[in-house]
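Asks: The following comprises the amino acid sequence and a computationally predicted model.
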Amino acid sequence: MSPTVFGLVFLCALALASVTRLWLAWRQVRHVRANRGQVPPAFAQAISLAAHQKAADYTIAKNRLGAVELVVGALVLVALTLGGGLQALLDQWAQLFAPGSIAHGSAFIASVVLLLSLIELPATLYRTFVIEARFGFNRMTPGLFLADLARHTLI
């Protein structure tokens, strides 16, 4: 299979998977919104309408952010693969370390992980300090967030 054909197959598969996930998220949001006004009968004794509506609003907010993350993730994937981002990183590290060496591979992997973490950071901050705070679920301070981020990075 030629690189061009492989690239087209890759793009089609990525587009199909992304569109399917976006469609499913849209269906879930539509269903949640349509049923927001009434607690399901099986839970009516245990959950108040206000709590049910809060859960519905939280689900909708998380799904919207998830859709943005999905699109950004797909674009980043295309940029790193077909756009040559991975090759550019590999070439950069080849200037410092012998290509194929453990140091070269380790630096490459670490830089990809760091890059992806930086790209995900705005959505993580928004989820934690905007969405979860809006619904009363956030107990994290910025200092604790940074400490957790540092621990996560080290692991």
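Replies: Good, I have the coordinates.
Asks: What is the burial count for residue 46?
Replies: Residue 46 has 8 neighbours, counted by other C-beta atoms under 10 Å. Where C-beta positions appear, they are placed from N, C-alpha and C, glycine not excepted.
Asks: Is it in a helix, a strand, or coil?
Replies: Assigned by DSSP: H, G, I helix; E, B strand; the rest coil, the conformation of residue 46 is coil.
Asks: can you pull the pLDDT of residue 34?
Replies: On the pLDDT scale, residue 34 is placed at 97.
Asks: for this structure, what spans make up the helices?
Replies: Here the chain has its helices, by DSSP state H, at 3-34, 49-80, 85-94, 102-126, 132-134, 142-154.
Asks: distance of the closest residue to residue 131 other than its chain neighbours from residue 51?
Replies: Leaving aside its chain neighbours, residue 131 sits nearest to residue 61 (4.9 Å; criterion: C-beta to C-beta, 6 or more residues apart in numbering). From residue 61 across to residue 51, the span is 16 Å (C-beta to C-beta, to the nearest Å).
Asks: Check residue 152 too.
Replies: For residue 152 relative to residue 51 (C-beta to C-beta), the value is 31 Å.
Asks: May I see the domains of this protein written out as residue ranges?
Replies: Using automatic domain parsing, the domains assigned to the chain come out as 1-63, 84-155.
Asks: and the last one, how far out from the chain's middle?
Replies: So the one you mean is domain 84-155. 12 Å (C-alpha atoms, centre = their mean, to the nearest Å).
Asks: can you list contacts of stretch 139-146?
Replies: 125, 128, 129, 148 (C-beta atoms under 8 Å, 6 or more residues apart in numbering).
Asks: Taking those residues, tell me the two that lie furthest apart.
Replies: 129 and 148 (12.9 Å; C-beta to C-beta).
Asks: neighbour-wise, which of these two wins?
Replies: Legend: neighbour count by other C-beta under 10 Å for residue 129 and residue 148, higher for residue 129 (15 against 12).
Asks: Next up, phi/psi of the residue nearest to the more buried one when sequence neighbours are not counted, please.
Replies: Residue nearest to residue 129 in three dimensions, not counting chain neighbours: residue 138, with 6.5 Å by C-beta to C-beta, 6+ apart. When read as degrees, to the nearest 10, the backbone of residue 138 gives phi -90, psi 120.
Asks: again with residue 2
Replies: phi -70, psi 160.
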